[in-house]
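Visitor: model the following, please.
(one chain, ligands or ions: 1)
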Amino acid sequence: MDVLIVGGGMAGGMLAAALGDSGLRVTVLDAAPEPVMPEGPPHPRVSALTEASQRMLTQVGAWAQLPAARVQAYQRMQVWDGDGTGEVTFDAGSVQAEALGWIVENDALVAALYRARPANVQWLSRTRTQAIRRQGEHWQVTLEDGRVLSAPLLIGADGARSRVRDAAGIPAPVQDTGHVAIVGSLRSAMPHDGCARQRFLTSGPLALLPLSGDGQDCSLVWSLWPREAERLMALAPEAFEAALTQASDACLGALSFQGARQVIPIRTLHASDYVRPGLALIGDAAHVVHPLAGQGINLGLLDAAVLAEEMQRSLSRGLPAWHAAALNRYQRRRWGHNALMLRALSGIKALFEANALELRWARNTGMRWVNRLVPVKQLLAREALGRQGDLPRLARK
Ligand SMILES: Cc1cc2nc3c(=O)[nH]c(=O)nc-3n(C[C@H](O)[C@H](O)[C@H](O)COP(=O)(O)OP(=O)(O)OC[C@H]3O[C@@H](n4cnc5c(N)ncnc54)[C@H](O)[C@@H]3O)c2cc1C
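Guide: Numbers count the residues shown, from 1 in each chain. All right, here's what the predicted structure looks like:
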């Protein structure tokens, strides 16, 4: 085995798929059962994917594995302020794009990556690590069932509480954002019309992400202060739904839950380094950002694609894929980019929480101003699409 990827989530699955024609022997291991494509009503954990992510997933053959019923494109995005005085709308047509993004269930994306895994990838489900250590030039992973795996390159794609990161001794201080998120699947009285909506309230942003189906299903991500979440969760279902409809400005009419509502803590972290000799971190193992701009896994997919590109570059020069130069180039290309996103998101959060009158005035005037200035809006929409630069070159299917 050449590469051992701990974590077969969206980031780990993407790296495995992107190493398709590398000639490397790759093993993915994950504690979860074998991924299966979900059926029936939508699962509440979804991700808004950028055009850049959609293109990378297409290149590795995973996009084609997603059934149309699990994907919803959105052509419009509406962001407005709790005061009701500032609003920005974005349109795919204004940037000559088919869509501004796509909402995909996380489980469906993992299943699509699993289905698209190339022949050189072995995927071990229901397999959990117990101990990880450096042994000479290799990393050695002891599994809970006692088996021992060893590889010259170990990838930590094992999420926010990464054991790989801990084993490598890479610090990643956790920051409490002062927010939790209430998530769930909703039915709306009015159709979503392929528009992703986000209202910034002082207590936090409330996002309604359109889902496929008959046009009246959406996914809720309501970030708010823990004590406010506690108060809402203690309400009877009808009272909660009334409060939710009101908080959403009734932009889709009355909202009702399909299934359970769930509270998720929101913490951020950024690993001080992404690499060690023979080891790299990707996705949430390397960084966790606030979900308010739906960027988390978009950053994680780019990590995976850039790392795969650097590994392939190293191989093409006759060097091992895990050569220090390749890993360091990966770190240089991704760390600063992700740090910038973490800072930008905490700035946006602070701005919308601001109570000072002059800050609120500046924010709301700014939103109205941006909404009228077509070139600025086009620039922001391109950022949202992930069109910041050239995409990594990936194995084509
Ligand atoms: C409310 C909310 C909304 C979000 N919305 C968006 C959005 O719209 N757009 C977006 O881009 N991002 C969004 N995100 C972020 C996104 O969900 C994460 O960035 C993403 O799930 C991280 O994927 P990952 O593969 O890095 O890690 P994970 O999804 O955490 O996967 C880690 C995998 O590792 C496995 N694992 C862990 N430990 C072990 C072990 N010891 N042994 C074996 N296997 C192990 C787990 O089983 C899991 O499969 C959101 C996050 C939240 C909380």
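Visitor: please see if stretch 130-140 touches the ligand.
Guide: No - with C-beta under 6 Å from any ligand atom as the criterion, the ligand is not reached by stretch 130-140; the gap is at least 8.0 Å. The way it works is simple: take the backbone N, C-alpha and C, and place the C-beta from them, glycine included.
Visitor: report the distance from that stretch to the chain centre.
Guide: Distance of stretch 130-140 from the chain centroid (C-alpha atoms, centre = their mean, to the nearest Å) equals 29 Å.
Visitor: before we move on, what about stretch 64-73?
Guide: Worked out by C-alpha atoms, centre = their mean, stretch 64-73 lies 17 Å from the chain centre.
Visitor: please apply the same query to stretch 89-106.
Guide: In terms of C-alpha atoms, centre = their mean, the centre of stretch 89-106 is found 16 Å from the chain centre.
Visitor: same question, stretch 124-132
Guide: For stretch 124-132, the distance to the chain centre is 23 Å (C-alpha atoms, centre = their mean).
Visitor: equivalent analysis for stretch 331-345, please.
Guide: 14 Å.
Visitor: buried set for that stretch?
Guide: For stretch 331-345, a neighbour-count test (16 or more other C-beta atoms under 10 Å) marks 331, 333-335, 337-338, 341-342, 345 as buried.
Visitor: please name the residues that touch the one residue in the stretch 101-250 of the chain that gets nearest to the ligand.
Guide: Closest contact between the stretch 101-250 of the chain and the ligand, by C-beta to the nearest ligand atom, is at residue 159 (2.6 Å). Contact partners of residue 159, counting by C-beta atoms under 8 Å, 6 or more residues apart in numbering, are 7, 9, 283-285.
Visitor: what about 10 Å?
Guide: 6-7, 9, 11-12, 165, 283-285, 288, 300 (C-beta atoms under 10 Å, 6 or more residues apart in numbering).
Visitor: ok, residue 135 next?
Guide: So residue 135 contacts 148, 150 (C-beta under 10 Å, 6+ apart).
Visitor: now, the buried residues of stretch 331-345 that are in helices?
Guide: Here DSSP state H is the test, and the buried residues of stretch 331-345 give 331, 333-335, 337-338, 341-342, 345 as lying in helices.
Visitor: and those as JSON lines, adding distance to residue 190 and pLDDT?
Guide: Below are these laid out as JSON lines (distance: C-beta to C-beta, whole Å; pLDDT from 0 to 100):
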{"residue": "331", "distance to residue 190": "47", "pLDDT": "97"}
{"residue": "333", "distance to residue 190": "43", "pLDDT": "96"}
{"residue": "334", "distance to residue 190": "41", "pLDDT": "96"}
{"residue": "335", "distance to residue 190": "43", "pLDDT": "96"}
{"residue": "337", "distance to residue 190": "38", "pLDDT": "90"}
{"residue": "338", "distance to residue 190": "37", "pLDDT": "92"}
{"residue": "341", "distance to residue 190": "33", "pLDDT": "84"}
{"residue": "342", "distance to residue 190": "35", "pLDDT": "86"}
{"residue": "345", "distance to residue 190": "30", "pLDDT": "74"}
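Visitor: go through these and say which is closest to residue 71.
Guide: residue 341 (24.2 Å; C-beta to C-beta).
Visitor: how much space between the closest one and residue 144?
Guide: 34 Å (C-beta to C-beta, to the nearest Å).
Visitor: what's the answer for residue 187, then?
Guide: From residue 187 to residue 144 the distance is 41 Å (C-beta to C-beta).
Visitor: more crowded one of these two?
Guide: The neighbour comparison of residue 187 against residue 144 (other C-beta atoms under 10 Å) goes to residue 187, with 16 against 12.
Visitor: cool, thanks, talk later.
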